[in-house]
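Novice: Have a look at this fold, sequence not included:
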Ligand SMILES: NC(=O)C1=CN([C@@H]2O[C@H](COP(=O)(O)OP(=O)(O)OC[C@H]3O[C@@H](n4cnc5c(N)ncnc54)[C@H](O)[C@@H]3O)[C@@H](O)[C@H]2O)C=CC1
Ligand SMILES: O=C(CO)[C@H](O)[C@H](O)COP(=O)(O)O
């Protein structure tokens with residue numbers, strides 16, 4: 001089999017490496033020529049445009065998109081469209097919004113698989129966990145590729161029709177937000193609390209048999225080892241947020257309460273106020289209003 005990969009960043013490059021390692025030929029394209037050169041060094045056939053990319057693929061095309069969610073996916077599909085037919089398969093391995101995926105699957109001339117991908121750059125060695133939606137025949141056809149990109153045959157599963165793979169990944173990310181928030185709160189209390197603790201040691205002992213051991217907790221251990229128990233100069237502004245926003249919105253639409261995920265998302269938004277949180281400043285002024293408590297003032 002031959003796989004075309006578009007988008008050769010942190011994740012796409014891993015797809016290329018793992019698929020090559022499994023003995024599948026790869027044609028690689030990215031807007032960034034350096035990324036294409038890296039894929040070529042790994043053994044992929046480089047393409048310098050989408051037209052060149054499709055020319056290098058055989059009659060039956062299997063294409064994996066690993067570009068940022070949103071416009072990049074639409075722009076790539078628009079260029080590919082004229083070169084695709086119903087026997088071809090396109091996989092979107094990025095964090096696309098599931099409703100965008102349903103729309104794209106309906107208009108794409110090829111079979112369209114949405115593939116929620118979890119594992120991050122650590123998946124280079126371990127392989128990813130893949131949550132896939134779309135036509136069954138296309139999933140079956142791509143199974144050798146999924147075996148290679150995932151941790152193995154157990155690392156991928158067809159979730160259901162188009163959109164379901166990205167839907168499951170969206171919820172996965174909501175859970176990720178909440179878990180990060182829970183670890184964050186626990187370690188904050190330990191950092192600010194009664195004892196002078198080595199947080200790397202705490203994370204390490206928790207990772208050895210404790211109920212709350214996990215990969216995220218291993219990453220906490222790594223963070224404290226590399227940054228120190230006070231996290232050194234790591235800033236408190238948290239970026240990201242799109243998948244968490246979609247999860248919370250879906251919870252509202254389905255009338256399923258998601259208080260933990262919402263709180264974690266709210267913490268992210270709250271962290272971005274350059275000038276301090278307005279609501280906290282107002283609370284200080286109101287405490288003066290109702291109780292004549294002293295108002296802390298800015299320096
Ligand atoms: N980094 C992570 O931990 C994870 C990322 N994802 C998702 O995977 C997708 C890719 O993420 P990363 O590899 O981290 O991003 P990245 O920013 O490292 O790489 C994206 C690559 O796509 C290329 N690109 C952008 N627009 C393009 C276009 N129109 N045509 C061709 N190439 C284009 C960029 O030049 C870049 O090389 C995103 O949807 C992301 O949300 C999913 C799971 C984990
Ligand atoms: O999907 C992922 C991990 O599972 C990506 O790392 C994603 O970027 C995480 O979401 P956010 O950027 O909102 O923190």
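Specialist: Done, it's in. Small disclaimer: the values here were computed from a predicted structure and weren't measured. Ligands and ions are numbered 1, 2, ... in the order given.
Novice: rest of the way, CA atoms for contacts and neighbours
Specialist: Will do.
Novice: so what's the nearest residue to residue 120 once chain neighbours are set aside up against?
Specialist: With sequence-adjacent residues excluded and distances taken as CA to CA, 6 or more residues apart in numbering, residue 120 is closest to residue 11, at 7.0 Å. Shown in contact with residue 11 (CA atoms under 8 Å, 6 or more residues apart in numbering): 66, 120-121.
Novice: Give the buried subset of those residues as a PyMOL selection command.
Specialist: Buried residues within these, by 16 or more other CA atoms under 10 Å, are selected in PyMOL with:
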select buried, resi 66
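Novice: Among the contacts of residue 11, which lie within strands?
Specialist: Among the contacts of residue 11, DSSP state E puts none in strands.
Novice: ok, so of the contacts of residue 11, who is nearest residue 15?
Specialist: residue 66 (8.6 Å; CA to CA).
Novice: rewinding a little: put together a markdown table for the contacts of residue 11, with distance to residue 130 on each row.
Specialist: Conversion of the contacts of residue 11 to a markdown table gives the following (distance: CA to CA, whole Å):
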| residue | distance to residue 130 |
| --- | --- |
| 66 | 13 |
| 120 | 11 |
| 121 | 14 |
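Novice: which one among the contacts of residue 11 gets closest to ligand 2?
Specialist: The closest of the contacts of residue 11 to ligand 2 turns out to be residue 120 (CA to the nearest ligand atom; 5.8 Å).
Novice: Can you get me a residue count around the closest residue to residue 218 other than its chain neighbours?
Specialist: Leaving aside its sequence neighbours, residue 218 sits nearest to residue 207 (CA to CA, 6+ apart; 6.7 Å). Close neighbours of residue 207, defined as other CA atoms under 10 Å, add up to 19.
Novice: can you check residue 39 too?
Specialist: Using other CA under 10 Å: residue 39 sits among 26 other residues.
Novice: could you pull out the helices for the chain?
Specialist: In the chain, the helices defined using DSSP state H lie at 12-21, 33-42, 50-56, 71-81, 98-107, 123-126, 136-141, 143-149, 164-192, 199-207, 215-227, 242-254, 259-270, 278-291.
Novice: would you list the ones you listed in a markdown table and tack on mean pLDDT?
Specialist: Output for these, formatted as a markdown table (pLDDT from 0 to 100):
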| stretch | mean pLDDT |
| --- | --- |
| helix 12-21 | 98 |
| helix 33-42 | 98 |
| helix 50-56 | 98 |
| helix 71-81 | 98 |
| helix 98-107 | 98 |
| helix 123-126 | 90 |
| helix 136-141 | 98 |
| helix 143-149 | 98 |
| helix 164-192 | 97 |
| helix 199-207 | 98 |
| helix 215-227 | 96 |
| helix 242-254 | 98 |
| helix 259-270 | 97 |
| helix 278-291 | 90 |
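Novice: Can you add distance to residue 234 and give the ones you listed back as a markdown table?
Specialist: Converted to a markdown table, these look like this (distance: least, CA to CA, whole Å):
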| stretch | distance to residue 234 |
| --- | --- |
| helix 12-21 | 27 |
| helix 33-42 | 28 |
| helix 50-56 | 40 |
| helix 71-81 | 30 |
| helix 98-107 | 33 |
| helix 123-126 | 25 |
| helix 136-141 | 42 |
| helix 143-149 | 32 |
| helix 164-192 | 14 |
| helix 199-207 | 15 |
| helix 215-227 | 8 |
| helix 242-254 | 22 |
| helix 259-270 | 15 |
| helix 278-291 | 23 |
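Novice: Any chance of CSV for the ones you listed, columns distance to ligand 2?
Specialist: Below are the helices of the chain laid out as CSV (distance: least, CA to the nearest ligand atom, whole Å):
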stretch, distance to ligand 2
helix 12-21, 13
helix 33-42, 19
helix 50-56, 26
helix 71-81, 15
helix 98-107, 14
helix 123-126, 11
helix 136-141, 21
helix 143-149, 15
helix 164-192, 6
helix 199-207, 20
helix 215-227, 11
helix 242-254, 5
helix 259-270, 9
helix 278-291, 23
